[in-house]
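Asks: Okay, sequence plus prediction incoming.
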Amino acid sequence: MKYTPLKRSTWCQRQLLRVISLFLMPALLQAQEVSDHQYSSEAIQAGLAIYSRECALCHGPQGDLVSGINLRLGQFRTASSDEDLRQVISNGAA
């Protein structure tokens with residue numbers, strides 16, 4: 001296949017876009033994670049107090065005592081969305 005200047009230019013542009021996206025994607029994903037889950041120190045401490053009082057007895061201090069569930073890693077049996085997780089926390093697992 002013979003490359004013409006136009007084909008070579010298009011190929012180079014695509015390759016350049018791929019390289020740029022490889023460098024930008026991690027930064028974009030990290031920015032999204034930070035903005036989605038920003039909590040104040042007070043909110044974190046309040047959550048820790050509630051977890052320690054209401055959850056740690058069964059789930060353990062690290063959230064990994066129940067088989068098939070690891071709360072720190074986000075591994076749940078029945079919750080597949082944030083709303084599902086809210087329901088399980090509020091009402092218990094079925």
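Replies: Cool, the structure landed.

Asks: going forward, measure contacts between C-alpha atoms and count neighbours the same way
Replies: Will do.

Asks: quick one: low-confidence parts of this structure?
Replies: Counting by pLDDT under 70, the chain has low-confidence residues at 1-9, 11-12, 15-37, 94.

Asks: any chance you could map the helices in it?
Replies: For the chain, the helices defined by DSSP state H occupy 5-36, 41-54, 56-59, 82-91.

Asks: which other residues reach the second one?
Replies: Outside helix 41-54, the residues that touch it by Cα atoms under 8 Å, 6 or more residues apart in numbering are residue 61.

Asks: again, only this time at 10 Å
Replies: For helix 41-54, the surrounding residues in contact (Cα atoms under 10 Å, 6 or more residues apart in numbering) are 38-40, 55-57, 59-61, 63.

Asks: gap between the closest residue to residue 59 other than its chain neighbours and residue 88?
Replies: In space, residue 59 comes closest to residue 65 once its chain neighbours are excluded; the distance is 4.9 Å by Cα to Cα, 6 or more residues apart in numbering. The gap separating residue 65 from residue 88 is 17 Å, by Cα to Cα, to the nearest Å.

Asks: Same question for residue 53.
Replies: 17 Å.

Asks: so residue 89 makes contact with residue 55?
Replies: Yes. Contact status for residue 89 versus residue 55: in contact at 9.4 Å, counting by Cα atoms under 10 Å.
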